[in-house]
Structures are given as C-alpha cells and as structure tokens.
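>>> build the 3D model from these lines:
(chains A, B, C and D, ligands or ions: 4)
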Amino acid sequence: MTDVPVQGGVKPATGWNQQKITLSILLLVVGILVLGPVLILIRASFAPAGTMPLETWQFSLEHYRELFNSPTTWKLVGNTMVYALFSMAIGVSIATGMAWCTERTNMPGRSLVRILMFSWMAVPALVVGFGWILLINPGNGFLNVLYRELFAVRGVLFPLYSFWALTIITAFAVVPTAYVMISGLLRNMDPQLEQAARVHGGRAWTVIRHITLPLLVPGLFSIGIYMFMAVVQTFDLPLIIGLTARFPVLSTRVYLLSSPDNGLPNYGFAATFGVLLLVIALGLMWAYMRSTRVGEKFRVVSGKAFRPRRIALGGWKPVAIGFVFSYCLVMALPLMMLLWVSLNTTFVMPSFDALSGLSLDVYRRVIANPVIMRAAINTIVLVVTSATVVMVLSTLIGWFTTRSGSRIGRALDALSFAPMAIPPIVLVLAIVLIYLRTPVYGTIWVIVIAHSTVFLAFGVRTMSSALIQLHTELQDAALVSGASWLTSLRTVVLPLVWPQFVNGWLWVFAHSARDLTAPLMLLSTTNVVAASALWNMWQFPDLPGTAALSIMLMLALLAIVVPFQIYTARRLESR
Amino acid sequence: MLKIDSLRKVFPGSEGRAPTKALDGVSFTVEEGAFFTLLGPSGCGKTTTLQCIAGLEAPDSGTIRMGDTVVFSGSERILIPSNKRRLGMVFQSYAIWPHMSVFDNVAFPLVHGSRRPPMAEVRREVAKALEMVELGHLSDRPAPMLSGGQQQRVALARALVHQPRLLLLDEPLSNLDAKLRDTMRTEIRNLVKSVGITTLFVTHDQVEAVGMSDQIVLMRGGSIVQQGTPREIYLHPNSVFTADFMGRSNLVPGRVMAGGSTGRIEVPFGELAGTVASGLQAGDRAVAVIRPQAVELLSEADSTSRENCFSARITSLSFLGDVVETEIDAGGQKLVLMLNPYAGYEPGQEIFLHVPADRCAIVPADTTEQSQ
Amino acid sequence: MLKIDSLRKVFPGSEGRAPTKALDGVSFTVEEGAFFTLLGPSGCGKTTTLQCIAGLEAPDSGTIRMGDTVVFSGSERILIPSNKRRLGMVFQSYAIWPHMSVFDNVAFPLVHGSRRPPMAEVRREVAKALEMVELGHLSDRPAPMLSGGQQQRVALARALVHQPRLLLLDEPLSNLDAKLRDTMRTEIRNLVKSVGITTLFVTHDQVEAVGMSDQIVLMRGGSIVQQGTPREIYLHPNSVFTADFMGRSNLVPGRVMAGGSTGRIEVPFGELAGTVASGLQAGDRAVAVIRPQAVELLSEADSTSRENCFSARITSLSFLGDVVETEIDAGGQKLVLMLNPYAGYEPGQEIFLHVPADRCAIVPADTTEQSQ
Amino acid sequence: ETFEEILEGAKNEGQLFVLVSSPGKPETHTAVAKAFNERFGLNTRIEWTATSPVQTGSKLIAEQGGAGFADVVGSGGNQEISVLFDRDILKPYPWVETFGGELEGIGDAVDPVIDDIKGAGLVIAHNAYGLGWNPDLISEDELPKSYADLMTPEWKGRFAVNAFSLNPVDYYSFAIGDDKAIEMAEGILANEPILERGTGAVTRAISVGQAPVGISSFHQAGRVDNVNFKLFEDYLPMGSLHIYVPENAPNPNTARLFAAWLATEGLKVVNENEPLPRIGAGTALDGMVEAFNAGGGEILSERSLEDTANARALRKAIAEKMTQ
Ligand SMILES: Nc1ncnc2c1ncn2[C@@H]1O[C@H](COP(=O)(O)OP(=O)(O)OP(=O)(O)O)[C@@H](O)[C@H]1O
Ligand SMILES: Nc1ncnc2c1ncn2[C@@H]1O[C@H](COP(=O)(O)OP(=O)(O)OP(=O)(O)O)[C@@H](O)[C@H]1O
Ligand SMILES: [Mg+2]
Ligand SMILES: [Mg+2]
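Ligands and ions are numbered 1, 2, ... in the order given. So this is what the prediction gives:
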C-alpha cells in the first residue's frame, strides 16, 4: 500500500454522527474483547515459571527458552504442520466437493445435507472422537469386531492409533465448518464463466480444474487458513488418538505440560505457545489479506443475465449422491454408536441380542439430575446471546471493513481475526483476569463474553463476504430517502444479508453449545451449561449419561436448525 | 449450416408458479456465412434458443442440426455435449476468466479443446487472433485489468481462435456504453464477415439487429413472429408487433376497404392506399403502419388533393439532437414525425404531407394484449 | 436552488496507482424547477458530483448550497449527512429493495425519514405516488416480481413520495432496453415537470440528455467543457469534443481563413463559410463540424457553384432502420450522411450537397488526446 | 472460635458452595446434603458442582483478593494445596480443637495430611492405584502381578494408562529413585499403551473394552459396573484426596462445619452411594491394603512437600519423553 496524501483535502468533521459513534463503540468493544486477551497473552508468556499471569511484575524468557531449547520442539512443529495441513486439505477438499454438489448441481437431498452439516457442528469433538474409538479401536471396536466375524480374520479394518486415522478423523470433523463457509462462496459465482469454458471445448473435468477451482482459490485460501489455525489449536483428538499413536503435536505437548492432572497449570507456557501461534497466524493473515485483495481484482463485469443455474448432473448423479451420502454415513456412524451407548445402562457391544435390553433409563436419570435443568436454561441463554452478539458485531465490523475501506476498517478486520491464534485456554484465562473484579464474573455472561471473542473471527469472515456482494446503491437509496444510517442498516442491509446472517448465527450457536474450554474454566456454581455438565459426566466417568446428554444436545440443536434451514433453503432455491 | 426444427422448452415452475413455455416450436435455418440475428423483447426466449444451440440447455423436443451432424434430437435422443460442438461464444458479461492473462484466456479453446495443437502453433494462433481484435500488445495483461471494450474484444478473440463452425453472441453489446456500442457494432460485423464465419446474434435492440444482420428472426413469447432481411422486416412489417418493435411507428387503426398489394384502408383522417397484408379482407379491422421517415413534406404550392396527401397541424416539437420529434394532428389523429433539427418549424404551423402508397403497410389489428 | 462551487475530489490511488482527480473545480447553478443534466463520457466525474450532492461522498473542498442551506463547505467544515438533505434519488440499478413489497418500498422515505406522518397519511401519500406512476394496482406485489420498467417507476415513486427539494437521477435509463428507454424518457420528464421538482440528471447518452433537459453541463475528466441548452450545445459546439460527443459529426480539419461569425475555413474539398469560435484567428488549425443532418441534398438541376455547395460520390450505404448511414467521398474527404431509408440511393451515385453557413461550426483542433 | 459459634454462624449463612468432584454422583450429593442438614438442624441450601481442583485452584489464585466463590473445594492433592498454601489462600485451621468434641474421628482426617501443610485440609479419601480389569475380556488368573509385568511383550498394546505423565509412575521414584522411574516410563511407552486423558478415562477405556486391563484406582474402578480392581503385589502408589476451605470462602462457618462433618460422619453416607475409600474408614480397601501389607508390598506416598516437588519434576520429564 502506498499512502498518497489527500491533496489539500480537508475531511469535514461534523462532530458525532451515528457512524462515528458506532465505530467508536465497535473499536472499544472489539478492543476490550480482543486486545485485552492479546496483551495478557504476551505478558503471561514472559512471566517466570510457577507463577500465574499478572501475579508478578517480573519478566523472564524462561518459557521461550523451554519452548525453543527443547530438542523436540521443532519436530513437534513439523508434526503439527503436517497434521494440520493434511487435515485441513482433506477436510476442505471434501467440503468443497459437497458444497459444489449442494450449491451448484441439481443433486437431490440438498437441503437434507445442509441440515446434517449444521447439526454435526453441535457435537463436541471429544464425544465424536470417542464414538470413533468405540467403532474402530483395535481391541473391540465394533467395526473391527464385525470385520473379524464376517471375514473370520484377525487384525483390524483400519488402524485407529495411526497418523492417518488421526488426520482423517480430524478432517471429517472440520468438514461441516468448512462446508458452511464454502457454500456461501460458491453461491456467488457467475455461472457464465464456467459455461464459457464448456462452449469453448473444455470437458467437464477441465472446466472444474481450470476455471471453477482457480476462481475459488482466493476464497478457499482464506477458509483454509482459518481451518488450519483451528486444527493447530485442537488437542482433543491429538491427545486421545495421536498420543497413543506416538504422533505428538505441539498442542498435545502444551496441553500435557500446561494443564496437568494436579498442581498449578502452566499458563505461562501455554501463553508462549500462543505467542508462537500468533506469529504464525499473523503470517497467514498477511497471506490471507493479500489473497482477498487479489479477490477484489477478481470481480469482473457481471451482466444482468446473472442467474445462478444448477448443473444437471445426468449420469453423474449417482456418483454425487454416493460421495455426499457416504460422507454423511461415515459421520453418522460414531453418533449411532453414541446413541446405542445412551440406550444401555452399562456398555454392551451392539448386537441383535442386546436390542431387547435397550431402554430410556439413562435419559430419565440424566433429566432427573437437577443440575441438568439449570444447565439447560443457562445453555439457552449462552448460545442465543453469544450467537446474536457475535453476528451483530460481525455485521457492523463487516460493514466498516467492506464499505469504508479506511484503515480503521482494516484494523477491525485484523483485530477480529486475532482470537483465532490464541489458545482457547489462554484466552479464557485472560478473560478470568480481565473480568475478575466485575459483576459479570461467575455469571453466565462471562462465558458469553468468552464465546463472543472466540467466534468473532468466523462471524466477521462470513459477514464481510456477504456484504461485499451487496450493491452499495441499495443502502444509499435508504440514506437518500431520509433514513439514518442505523435505520438503513436495520431495514435494508440486514434483511438483505439475512440468509448469511442466519447461517453464521447457527454456526456460532452450535459451536457455542459444544465448546468446553470456556464453560469449564469459568465455571461457577451458577453458570453450569450443557457442555460443562457433559464434561463432568465424562470425567466421572458416566459413559451412558454422557452419550445421552450429547444426543439430547444434538436433538435440541436440530429442533432449531431444521426450521431455520428449511426457511433459508426456501429463500435460496426460490431466487 | 444450422437448422433448427420445432424446438420446444418448458421450464417447470417452482413453488406454485406456473411453468414457463420458453420455446414453443421454434424453427429456422441459418445459411453458411450469414450474420443471423434473434431479436425480441426481454423474456421471449432468445437466450434459451442460443443456449440450446450451445448445448448449455437441453430442449424438451425438436432437432438441431449443424452442417451434417445432428447435435440434438428429441425423438432420437441425441445430445452432443457443448464441448463437442465446435462453437465460439461471446457472453453478455463477456465471461473473461479473471484468474488468467489475456493470452491464457484466448489460448483456452486451443489448449483444452478437441484439437490441441502444439504449443508453438497455439502461440501463433493466439497472436493472430489478438492482432485481429487489435489487442496484440496486451497479451500478457491480467484479464481483469482491461476496460469493458477490451474485455469484449478478448471474448471475441477467444471465441474465434479455434476456428469454430458457428459463432454465438448473446447480447454482447449491452454492457457497453452508447459510444462504445456504436464502435463495437461495426467492428464485430466487419470482423465476423472478414473471417467468414456463420454467426448467430442475440439482441433486444432493433438498431443493433438492423445495422448488423443479414437475416433477422423476430421472436415473441417463445415463437417466431417474422423472419427476413432487415429491410424486409423494417419496411414491410407483417404485424403491429413487428412494426412497433422495429422502431417508432405511427399505428393508425382503421378498416380495410380493399385487399392486395394496392389495397386501401379507411382511417380517421381519410383514405390511405397501401400494401395490405395477406389474409386481410375488405371490412376487417386493421392498422396502417406509417413510419415517421415514410412521410414526405410537401411545400404548400405542391399540395393538391393527390392520393395519400393530407394537411396537418404541428402540436409540439421536441428537440432530440439528430432529429426533432414532432407531434402533429391530422384530422384528429395524432401522428409523430421526425424533422430535421436545422429546419425551423413552429408549433401551430400547418404542414402538408404525402405518404407514398408503397411506404404504408396495412396489417391486422393486434388481438393479443401487448406486453408492457 | 442548487449552487455548486469549485468542487474538488481526489480519490487516493491504491497499490501504486496514481490518485484520480475525479472532480477538478466543478461549479454550476441549477434553477428552481429546472431539469438539469450532467452529461459526459464514462469516468468524467458525473456520478461523483451527484454523490457529493447526495451526501454519499464527501468532496475534498468546495461548497454545495441547496436553497438557503449550505450542505457542504470544505472551508467551514460543514457536512450535512445524506438523510438530512431532503432528497429523492433514482439509482442506475434502481436499488429497489427486493425484500419488500412495492408499497413498503415507496413508503420507506415517509416511514423512516424525518417527517414520519401517521400511518393513514402514509398510505394516502403512497397511493398517490403509485397512481402518479400508474402502478396503483401493484402495490402489494413483492418488488423482485416487477419488470425493469416497473421497477424504474417504483424507484421514481419512492424518490418523489416525500416531496424532496431536489430529485437526483443517476443514469436511470441505462439498464432498460431500447424500446422502454424511449418510453420512460418522456414519462420521466413529464412526471418531473408536472410535479415541478428541480431535477439533476446524470447520463452518458447524449440523446437522453438532449431530449429531456432544460440545461446541460457537459463534463470531461472532472471539469466542465460546455454548458447551455440542448440546442446551444448541439448546434453550437465550442470544441471538437462537444461536437463529437453530442452525436455523429463530420470533423473536417482545415485552416482558418477568416474569423468571426461569418468566417471561412479552408478544407480539403474547398472553402467553407461557417461560424468561427471566438479565439480562432486566420491561419490557425481548426476543424469544421458538419453534422450529417446539416447537409442539404440538391437536385442536380439546382447545383451551381454557390457558396458551400459541393458534389460527392456515395461510397457505401448501410441500412440502420430509421436512417441509412451513407458514406460519401467529397474531393478525397470522407463524410457521413444520414439518408432517408425510403429514398433509393445507390453506391457510386453522384450527389450534390449544400452546407448552409449557419450550420457549420468552426472550432479549434483538439490538442488533448482523445480517450477511447 | 468454638463449635457453637460456628454452628450459630452456619445458621445465619444458609447456603454453601461445594466444588467437590469425589463423591461425584448427583444422588450422593442429595443424600449428603439431606443428612448434613438433619444432623445439625440446619436449612442450608447446598450448591454442589463437580469441578477439577486444578482449575479451581488457578481460579482461586487469579481471584485472590476478590470475593470468593467457593466454600469447600475437594479432591485436591498435596500439590494443589501447597500452591494455595504458599499464597495464603489456605491457612492451617484447628480442626481437632474446634470439632473434636462433636465429631468423633476428626483426627483420622487431619493426621494423614503431610506435616508441611497440616491443618490446611482434611483427607477424605485415599487414591489407591492398581490394576483395573474387565472381567468380560480377561479372567483373573491371567492378570499381571506387578507393573513390571505389563512391560512384557504379552501386554504390548493391550493396556491403558493415564496420558498425564503416566500417573502414578512418579510415585515409584520414592522407592526406586528418579532414574529408574524414568527408565520405567520409557519401558511403559515402549510397550505401546493406550493413553487416555486421566485415570477416569482409563477406567472407561477398560469398561468399553478398548483394553482388557489398565492402571486405575480403587474408587474410580468402583464407579463403573464392569471393571474390577486389584492391587499390584509389589508396590501400592497411594495419593490422598483432600477437601479444604479457602480463606475467602463466602460462607466460612457452614464450610468448616460441612468439611469436618463430611470427613467424619458424612463418609458413611457417601459410602452408601459410591466408594470413597479412606484407609481405616471401613471400606473394602482396608482389607486389600491389609493383604498387600501381609504380602510384603511397599506403599508409596508423599511424606513431605519435598517429595511433592520431586514428583512434579519427574512428571514434567516424563511428559517431555512422551512428546518426543
Ligand atoms: N432456468 C430457468 N428457470 C425458469 N425459467 C426460466 C429459466 N431460464 C429462462 N426462463 C424463462 O424462460 C423465458 C425465456 O427466457 P430467456 O432467457 O430465453 O429470455 P431472453 O429472450 O433471453 O430475455 P432477455 O432479453 O431478458 O435476456 C423467460 O420467461 C424466463 O423467465
Ligand atoms: N471509490 C473510488 N475510488 C477510486 N476512484 C474512484 C472511486 N469512485 C470513482 N473513482 C474514479 O473517479 C473518476 C470519476 O468517477 P465517476 O464514477 O464519477 O464517473 P462517471 O462519470 O459517473 O462514469 P460512468 O459513466 O462510468 O458512471 C473515475 O476515473 C473513477 O475511476
Ligand atoms: Mg437473454
Ligand atoms: Mg456513473
């Protein structure tokens, strides 16, 4: 960027107006939400070992020394990169394929797939991972047992404790998130670009390779970065699968060293890891910003003939259905297993004989637990407010980043991406330290704040790309008609980006329902939510109870997602 | 070269809306090397026809033949895919691929098409095509960094580089501004004619159609209304719709007095001799089509009670630059004339007119309601 | 009513590109009730001017006054926001809100604007506005289910419903097809005139500008080139740019022989009498502007060696419907004439011309390069 | 402060925030609350949340100086307590003096606490590590007799251990020294164990059949239906589970009364619902330990904060070994 001074330009200032007030409030809110934790992260990384962040004024490089001097750190970084890259690449590829099938072709069952994708996001990765363990663990994984019985062999169908199992299970887990982001991208592509390639001799495959994919690249790239950071952060699957497979990654190491079974967690070390991630993320951010700037250039003349058209699959229809629904089936397997577990009071292997023993006893027991009722109410408050706060903030930030083009807009955009790079545990600790002496502390609202911070990055991505597509004249028309800026946002901009808003809202809703870190760290006696209740059962260990609660969580989410999805699907299909 | 036979296409209506009959038995033949235009108002099925020919849309029934090959036949269940039809096409939005350079855009049909010549030849052919549209110097420029007119030309070069059998153009000029549109109009026609390629052009602008085409097919609501050379369609409309669509016309309702090519019609301001459309008989309700340009102004001295001569009074003048649109009143009937901007007529002035009989077409009154 | 004074606006260039001087000291005054047009080629700053007036863009310096209120002043740091300026505006893309019904669209300025009358009055006013544009019966229709022309009219109703001080139109016709454009042109002008509202119209189409306006400001590269009534600008261009932009012109280069309103110029095919632009002196390089319509055709018998009379030969004819564009060769100089489509001229035919001296403008040769 | 004063204070407070993860069943919590109120004629509302003492500990530190949120925190080991003790969040309290007259056997809860932090907490249970096994998958006579047996090829990949520093390998250092303990950790890792996130998870892994055997503990194994438990013959790593009352507890009187009662009479109520073994409190563990002692085995436990610090250093070394 070269800065050209505005020649002789005086930007008339007329005191406070709605935009400036909103922008100031936004800056303040995002600053507190994001900058606070970032500063505490950096401070904590320089704290001496054995202290809590902000406990002392001393500075020390101990944690950095520990991180970088250990001969294995670089190997772990390597492992992490390989793991994150492969998981992300596989996940994003699958998601792209599925999004293409559901958004650009006439494949039947599109709405069903959309609904399934959303409902999967609600299940904690921990629980899905456990479902997988029940299915394919080398001891008595259900699929392995079946395989041995059917083919009368020894050995395993698929080695659970291996790099590839870890990578593939992670990849499958990131698909729903990536899918939601990519389908928005595909929806907005001018089909004439593909048709032109068809007419000029390109075969179907050539068109996909040389036209569709390259056009998606800038968008995919940014989604890829997002997913990459998300995978680098996860420790659930690397811990339960990767560690046994002797494939340690950075997050497992940090988790083992910083969140021990006893004593004091080593937050300083976790924070150092966070700073490392922040640096990586900044690099990726820079790449991302560049790629979106290229994306701006990609906007070409678009005719009024723009009419998104679905590709008739013809003979490929079975292939597409096969592809999409095999994924859905594979994703459904661990959940089926959980369902099975929840219908038995103690664990038994699935079999026809055991069918007679099924009952809803566990559900009855879980519902009778007084904590569950409170958790249910808290959860509703939590997910609804977090989703709403995130999406409203994101819409406003998105507006400033896409419309004003000013430096402040870009700063907001960058700022909102930062939470992606902070390990959730550190982020939440920072929130503890920031809100400690305020009345929100210990209430459900402090979890709302945590989730609003964590999911802001996603919300802003979603809304920026939606707002970029929106013709400026639509809002200008409202302004000229005499509506104030906020009124124009409320009456024109918001209704027009409503489908994306709802999509994003559901996404945050689901992720907020499933997140464990913040509810656990901020747990007080009054703010228990479904996820923390789930964790307590899991730890106890009450396996059937955990399964039953997961299933109920999913069903509750479906009850919300399905109507919303049917509604948005209507809107999309009827265009 | 291209033979379309009774093409039909219905789009199923979604969510309770009625299905759309986009094409309702369209047949026409395009001669080798012709510049053939599909003209019609918005929604009449032009794009659908073009897309059926391109293979981007499958008709419900009918036949499409290109040269000797049947590329689509509803009854024989033949459907040759788009990329096997050897076509060139320019889209309304140009559809220039923004992630490629100008060179890569133009080279695509060669590199990925069916022929796939060696790279050296590709380079030669692309250079030739770019020279043809005078963009040789921009070969390495990323495609999005071109102006509208340049993108247009790249699209044209891309559509022609692989020597297709047929060039399809879907409203290629509608995204350009008026000035550029004028320039590109002649440019495209000259280019296409110099290459000698058969061209099918889609537009809703009768000026473009008339100025560029060898043959015009005028469509309305999925069917063909009239086919002919621009002169035929413009000067001898067979219906009120054609007359009205092809440019400003005075449509004077009346009753046929005598049929045939030297027929007569009774109109509010008297009797008119003109060419009566076949099928109209004495006594039928009909419309006399008098184009503003068809009217000759007579000096007062000339004015006799000759056939098709009238006096009228100017009611208003509006200056439009190249012409002055003049409303006159002839015996209670309002007519519009286009007068020379340099001639000094005044409102209220009386003028004397002559409508030569061969410039007056008498066509059936339109019974179907006209779309807005 | 509206007074613009030395408006300046520079867009900072991004990524190494140079900044764009979009407005470079634009000043003009619009009279109460006038239909005022900003005309110019793409990128000349018309939209930027309009947006500065609408308050959607902040100029760098200058003043904008509406009636008695200063809505923008760079030196006094005044910037009244858009929604406080009491404007109506019709956008190029109509900007009809697709999530609302026709009624809701039109009611918006009343419901959310500054006045906020009671609901009963809103309903009355909206009904009145819709009647005005003849859409009363479509009030409940969802906005996306309208044709282009109807959307256009809804936009107009919405812009007028709250009785704004000033109506702004940014190329409202450019998205309509040719036929509809013609209809809407008169419709808009009549409507606006009947309401009596001051209107600022932006277009790059000189036909629209000439046909609709009371006053035209012709812009180029951020500054004003010529201002005047349509007749003044069309018939008396002050530069090659104006002549060329306002319609097809024959630009014949030559050298001034005598200045003044009865001056003379030497051109390749002889000598021409015409009106010489002020500032040009004998010996200067200049251009004679001869519009195709300015040329009178003489019958052979008439042809004498009168002043400004020439013979020429037809080289090509191209039928464009309302006119036949005819290229002629006059002593080696190519000229274009627009002939009547019904007149039967042939290529090769010799014709005799007369260019009345008052129809020939002699203007300075253009020194700046012309943009494509 | 006398018992009466405390009881009087408790009557006024009327509520109690308990953050104790063992006992952990909601049914137990209800029963305990009921018994407590009946015993002292109170009408206290007990908010019982099961949380990890590690996280509660860090929260207590972070919140130091602010209003407290927890009355009784439970299941902490020596480490958690010492961290809080150092920061004055916990202080020694005269449990025996205050409650000795009313609650018999309070000394049994105070005595096992190591000297450095005596009085800062009460021991409510002992964490006896041994072998958990799934009787559906393996019969009793096939089981290994010591940890060393698990490192033979026969058990390769067939046993589950805690992913957090292979807990309780650090305890073995008290008997065999640090170097040998590290060697032992390496040996375990080399035999490809299934690593699970915590001892509870190990027990769950055994119950669902991921592995037939694993390193579990007496009370964890007791919470799951199809996992049996036995002690190794050579060593018995034994930790203690404490409950404690932070200095800034919002309801200190009720908290102290409840803690003292739970560590004495309350244990009986707990044990009717789920096993919470304290040596000498009359659970099945007592018999097992007796038999173990008779067989000549050695109990491994921390005797001072020095041991604790030692164990912590060792755990860190093991964690690093695991992520190499
Ligand atoms: N994919 C589709 N689904 C449903 N209806 C369609 C579809 N494509 C076209 N139509 C309808 O078919 C009719 C013909 O459309 P077509 O695009 O061929 O018109 P056109 O002549 O090209 O019009 P325009 O000048 O506006 O481009 C229209 O009524 C249109 O609404
Ligand atoms: N937001 C912007 N940033 C940078 N340059 C701009 C911006 N808006 C307009 N410009 C530049 O300012 C100049 C004037 O633009 P403007 O939109 O006013 O032209 P216009 O006369 O309305 O053209 P058109 O007929 O194409 O709409 C152009 O060169 C344009 O590229
Ligand atoms: Mg079309
Ligand atoms: Mg413009």
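>>> for the helix ranked longest in chain B, what is the average pLDDT?
The longest helix of chain B (DSSP state H) is helix B:178-195. Model confidence over helix B:178-195 averages 83 on the pLDDT scale.
>>> leaving out sequence neighbours, find the closest residue to A:Ala245.
A:Tyr161 (4.1 Å; Cβ to Cβ, 6 or more residues apart in numbering or on different chains). All C-beta spots, glycine's among them, are computed from the backbone N, C-alpha and C.
>>> D:Ser22 too?
D:Ser75 (4.8 Å).
>>> quick check: the one you found vs D:Lys91, distance?
Here the criterion is Cβ to Cβ, to the nearest Å. By it, D:Ser75 lies 20 Å from D:Lys91.
>>> so for those two, which sits in the more crowded spot?
A direct count of neighbours by other Cβ atoms under 10 Å in any protein chain shown for D:Ser75 and D:Lys91 places D:Ser75 higher, at 26 against 12.
>>> now that one: phi and psi?
Dihedral angles of D:Ser75 (phi, psi; degrees, to the nearest 10) stand at phi 70, psi 20.
>>> wait, it touches D:Ile243, no?
Yes: using Cβ atoms under 8 Å, D:Ser75 is in contact with D:Ile243, at 7.4 Å.
>>> now do the shared contacts for the two.
Counting by Cβ atoms under 8 Å, 6 or more residues apart in numbering or on different chains, the contacts common to D:Ser75 and D:Ile243 are D:Val20.
>>> look up how far chain B lies from the residue of the stretch 101-250 of chain D found nearest chain C.
Of all residues in the stretch 101-250 of chain D, D:Arg197 sits closest to chain C, at 49.0 Å by Cβ to the nearest Cβ. With the distance defined as Cβ to the nearest Cβ, to the nearest Å, D:Arg197 ends up 46 Å from chain B.
>>> how many residues are close by that residue?
23.
>>> residue contacts, it?
Here D:Arg197 is in contact with A:239-240, D:163-164 (Cβ under 8 Å, 6+ apart).
>>> now the two most distant members of those residues.
A:Ile240 and D:Phe164 (12.5 Å; Cβ to Cβ).
>>> so the two - more neighbours on which side?
A:Ile240 (27 against 22).
>>> quick one: the more buried one is in a strand?
No: using DSSP: H, G, I helix; E, B strand; the rest coil, the assignment for A:Ile240 is helix, not a strand.
>>> and it, how far from A:Gly36?
Distance from A:Ile240 to A:Gly36, by Cβ to Cβ: 32 Å.
>>> swap in B:Glu171?
56 Å.
>>> quick one: pLDDT of the closest residue to D:Lys156 other than its chain neighbours?
Spatial nearest neighbour of D:Lys156, chain neighbours left out: D:Asn191 (5.2 Å); criterion: Cβ to Cβ, 6+ apart. Listed pLDDT for D:Asn191 reads 90.
>>> for D:Asn191, grab the count of nearby residues.
18.
>>> run the chain-centre distance for the longest strand anywhere in chain D.
Longest strand of chain D, by residue count under DSSP state E: strand D:122-133. Mean-position distance between strand D:122-133 and its chain equals 6 Å (Cα atoms, centre = their mean, to the nearest Å).
>>> how many neighbouring residues does the nearest residue in space to A:Val454 that is not next to it in sequence have?
For A:Val454, ignoring the flanking residues on the chain, the nearest one in space by Cβ to Cβ, 6+ apart is A:Pro419 at 5.5 Å. Using other Cβ under 10 Å, A:Pro419 has 23 neighbouring residues.
>>> circling back to that earlier point, higher neighbour count, B:Glu171 and A:Gly36?
B:Glu171 (23 against 17).
>>> with adjacent residues omitted, what lies nearest to the more buried one?
B:Gln92 (4.5 Å).
>>> that neighbour belongs to a strand?
No: remark: B:Gln92 does not belong to a strand; assigned using three-state DSSP, it is coil.
>>> so it sits against B:Leu169, correct?
No: using Cβ under 8 Å, B:Gln92 makes no contact with B:Leu169, being 9.2 Å away.
>>> the two: who's more crowded?
More neighbours surround B:Leu169 than the other of B:Gln92 and B:Leu169, with 26 against 21 (other Cβ under 10 Å).
>>> between the contacts of D:Arg197, which is nearest B:Gly321?
Taking these together and measuring to B:Gly321 by Cβ to Cβ, the closest member is A:Leu239, at 78.3 Å.
>>> OK, contacts around the closest one?
A:252, A:255-256, D:163, D:195, D:197.
>>> now A:Leu41
A:Leu41 touches A:271, A:274-275, A:278, A:422, A:426-427, A:430, counting by Cβ under 8 Å, 6+ apart.
>>> again, only using 10 Å
Applying Cβ atoms under 10 Å, 6 or more residues apart in numbering or on different chains to A:Leu41 gives the contacts A:53, A:267, A:270-275, A:277-278, A:418, A:421-423, A:426-427, A:429-430.
>>> among those, which are within reach of chain D?
A:53, A:267, A:429 (Cβ under 10 Å from any Cβ of the partner chain).
>>> tally of neighbours for the last one?
Each residue near A:Leu429 was counted by other Cβ under 10 Å, and the total is 29.
>>> that one - nearest residue in space that isn't next to it in sequence?
Using Cβ to Cβ, 6+ apart, the nearest residue to A:Leu429 is A:Tyr267, at 5.5 Å.
>>> kind regards, and thank you for your time.
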